[in-house]
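Enquirer: Next input, structure requested:
(one chain, ligands or ions: 1)
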Amino acid sequence: MDFASVDAFIDSPAALDPVEDRARRQRPIGVFDSGVGGLTVVHALRRLLPSENIFYLGDNARIPYGNKGAATVERYSFELTGLLLAEGAKNIVVACNTATALAVPRLHDALRVPVLGVIAPGAAAAVAATQTGRVGVIGTHATITSGAYERALRKLNPRLEIRALACPLFVPLIEEGLLDDPLTDQHIARYLQPLLDAKIDTLILGCTHYPLLQPAIARLAGPDIRLVDSAQNCALAVRDLLQRENLSAPDDQTGTLQIALTDSSDRFLPVVERALGLQVGDVQLRRVQGVALAHAV
Ligand code: DGL
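Expert: Below is the predicted model of the structure:
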């Protein structure tokens, strides 16, 4: 598959008659993540935008992205985007914080369809929430070392005091289903301590998985710290983007959810389904090997 040719069937709105316009709006929102953690974003999207069709692609064959280098995550992100465009995606939502940090700027430059990641909406929500200007960010190693959240926050308010911290043990604990467990509480308390010492009043949960720990983090952070859930804020930003680009699904449509993964086995999926109360139904399998990267070579 070649990116340019897939992308070329995205017509310009001005050229469309009403039937074509409806068909264009009916196309799915394409969402990708390194695995099934990004279903936190899908959950938020389905609640906010029930008319939208969604095609979700989780790269569970190659998770975690959070410990990988920038070039690898960028390559994976282009491959997944190629598959979503082949499904007719009208826009791309990068649900993965790590892929947003490392690939969204280049995806944005390379594609004709709109691309939205989770970092800009989360940063905007944090800037709106903080009263003291002291903001904490937690995420994977790759997200935190990229500095992407700091850049997004400082662009909105250069005077913020930002404490960014990698919490690499959270993802495995969450994937094991230890959402409400003394072992997880111990790790949360340990990771949060430097942020509490820095007297943050707002904490960005900068990873797909962390919304599943929200009750435990809220309990240990205490009532004075506002938690910013990047999944929820991303969904709000997608709604605004679709309205702005004239791409919102027709109101009389009942949205469907299709899920594809790159590996047939996923032990974390039942954990996510239970935690979110989400029924994913049949899961399709997609191979990523051999997807052409016409734009990048
Ligand atoms: N989806 C990743 C993120 O939001 C977490 C899991 C991983 O490391 O791939 O950063």
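Enquirer: contacts, neighbours, all on C-alpha from now
Expert: Noted.
Enquirer: Can you verify residue 204 is assigned to a strand?
Expert: Yes - applying DSSP: H, G, I helix; E, B strand; the rest coil, one finds residue 204 inside a strand.
Enquirer: Quick check: it touching residue 126?
Expert: Yes - the criterion here is Cα atoms under 8 Å, and residue 204 meets it with residue 126 at 6.8 Å.
Enquirer: Compare the two (neighbour count), which wins?
Expert: residue 126 (27 against 23; other Cα atoms under 10 Å).
Enquirer: List phi and psi for residue 94.
Expert: When quoted as degrees, to the nearest 10, the phi and psi of residue 94 stand at phi -90, psi 100.
Enquirer: ditto for residue 95
Expert: phi -80, psi -20.
Enquirer: what's the overlap in contacts for residue 204 and residue 126?
Expert: Contact with both residue 204 and residue 126 is made by residues 135, 228, according to Cα atoms under 8 Å, 6 or more residues apart in numbering.
Enquirer: Tell me the residues of the stretch 101-250 of the chain that contact the ligand?
Expert: Taking Cα under 6 Å from any ligand atom as the contact definition, the stretch 101-250 of the chain meets the ligand at 140, 207-208.
Enquirer: any chance you could map the strands in this protein?
Expert: 29-33, 54-58, 91-94, 115-117, 134-139, 161-166, 202-206, 226-229, 257-261, 283-285 (DSSP state E).
Enquirer: will you turn these into CSV that also has distance to residue 101 and mean pLDDT?
Expert: As requested, these are arranged in CSV below (distance: least, Cα to Cα, whole Å; pLDDT from 0 to 100):
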stretch, distance to residue 101, mean pLDDT
strand 29-33, 12, 98
strand 54-58, 17, 97
strand 91-94, 10, 98
strand 115-117, 8, 98
strand 134-139, 11, 98
strand 161-166, 14, 98
strand 202-206, 10, 98
strand 226-229, 16, 96
strand 257-261, 22, 96
strand 283-285, 26, 95
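Enquirer: what's the most buried one of those?
Expert: strand 29-33 (a mean of 29; mean count of other Cα atoms under 10 Å).
Enquirer: so how far is that strand from its chain's centroid?
Expert: 8 Å (Cα atoms, centre = their mean, to the nearest Å).
Enquirer: Adjacent strands (with direction) for that strand?
Expert: strand 54-58 (parallel), strand 91-94 (parallel) (DSSP bridges).
Enquirer: Look up the pLDDT of the nearest residue to residue 251 once chain neighbours are set aside for me, please.
Expert: Once flanking residues are discounted, residue 251 sits nearest to residue 51: 6.1 Å by Cα to Cα, 6 or more residues apart in numbering. On pLDDT, residue 51 comes in at 98.
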